[in-house]
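1. requesting a structural model of the entry that follows:
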Amino acid sequence: MNIEAKEDRRVRKTKKALREGLAELLTEKSIQNITVRELTDKADVHRSTFYANFVDIYDLYNHIEETVINELRDIFNVTNGLDTTQCIVLLFEYISTNKQISCLVLGSHVGTSFIHSISTVFKDIYIDYWRTTININLPSDKLEIYALFLFSGHLGVIREWAVNDFNTSQDELLEIISAIDINTEMLIRRKFA
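-> Residues are numbered from 1 along each chain as shown. This next block holds a predicted model:
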């Protein structure tokens, strides 16, 4: 194995330790109250190593958010044409596979940048779906209101699920979300199709 591969593995291991340390600290306090020293102690990473990769705690958090958003975009770019419920199923799968990171970006001790970014991703997916399956030719700003309203509800349920340590089954949540999706789609069909 070459030196570059070992360095890459070490960097990945360090970043993973920092992510996990930050996720754990965010269960105890808000991000603005976490120090680099506290995080590096928790992650068992030297401070100079932290600063070689990140400017500050917010930079690390932003890196985590960007990574999650990019991974979700990749998932949904591959699976175009899914209805809103199928999109939520894929989101559930992602969350289940990445519980610690999901708790980090969905938790109550962080800012709203992730919520805005993920809402934008889903808003676009929902609008594309409605335009192609319901054949809605409504201006984007009108459809955006419906899409943002619908996904805000989805996200509220998902955040509550994550904050409560995933204590409700995915099937139960999916049943509720699916009913809301069907009713919203029926409303859009009635009103605009």
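2. list the buried ones in the helix or strand hosting L18?
-> L18 is part of helix 3-26, with elements assigned from DSSP states H and E. With burial defined by 16 or more other Cβ atoms under 10 Å, the residues of helix 3-26 counted as buried are 14-15, 17-19, 21-23, 25-26. C-betas here are computed from N, CA, C, even on glycine.
3. helices and strands around the host helix or strand of I158, which ones?
-> Secondary structure assigned from DSSP H and E places I158 in helix 140-163. Packing partners of helix 140-163 (3 or more Cβ pairs under 8 Å, 6 or more residues apart in numbering; DSSP states H and E): helix 84-97, helix 99-106, helix 113-133, helix 170-192.
4. C-alpha coordinates for that helix, CSV please?
-> Taking Å, rounded to 0.1, in the frame of the first residue of the first chain, the C-alpha atoms of helix 140-163 are listed here in CSV:
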residue,chain,number,x,y,z
SER,A,140,-42.6,27.7,-9.8
ASP,A,141,-43.3,30.2,-7.0
LYS,A,142,-46.8,28.7,-6.5
LEU,A,143,-45.6,25.1,-6.5
GLU,A,144,-42.7,26.0,-4.2
ILE,A,145,-45.2,27.0,-1.5
TYR,A,146,-46.8,23.6,-1.6
ALA,A,147,-43.5,21.8,-1.8
LEU,A,148,-41.9,23.7,1.1
PHE,A,149,-45.1,23.2,3.2
LEU,A,150,-45.1,19.5,2.5
PHE,A,151,-41.4,18.9,3.1
SER,A,152,-41.5,21.1,6.2
GLY,A,153,-44.1,18.8,7.7
HIS,A,154,-42.0,15.7,6.7
LEU,A,155,-38.9,17.2,8.1
GLY,A,156,-40.6,18.1,11.4
VAL,A,157,-41.7,14.5,11.8
ILE,A,158,-38.2,13.2,10.9
ARG,A,159,-36.4,15.6,13.2
GLU,A,160,-38.7,14.6,16.1
TRP,A,161,-38.0,10.9,15.2
ALA,A,162,-34.2,11.5,15.3
VAL,A,163,-34.3,13.6,18.5
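5. angle of that helix against helix 99-106?
-> Here helix 140-163 runs at 130 degrees with respect to helix 99-106, directions being taken by axes from the mean of the first three to the mean of the last three Cα atoms, to 10 degrees.
6. quick one: helix 140-163 to helix 113-133, angle?
-> Helix 140-163 and helix 113-133 are oriented at 130 degrees to each other (the same axes, to 10 degrees).
7. quick one: F151 and K123 touch, right?
-> Yes - using Cβ atoms under 8 Å as the test, F151 is close enough to K123 to be in contact (6.2 Å).
8. which residues are in contact with stretch 158-169?
-> For stretch 158-169, contacts defined as Cβ atoms under 8 Å, 6 or more residues apart in numbering pick out 88, 91-92, 95-96, 99, 102-103, 106-108, 173.
9. any idea which of those has the most stuff around it?
-> Sorting these by how many neighbours each has (other Cβ atoms under 10 Å) puts I88 first, at 24 neighbours.
10. no more questions from me, cheers.
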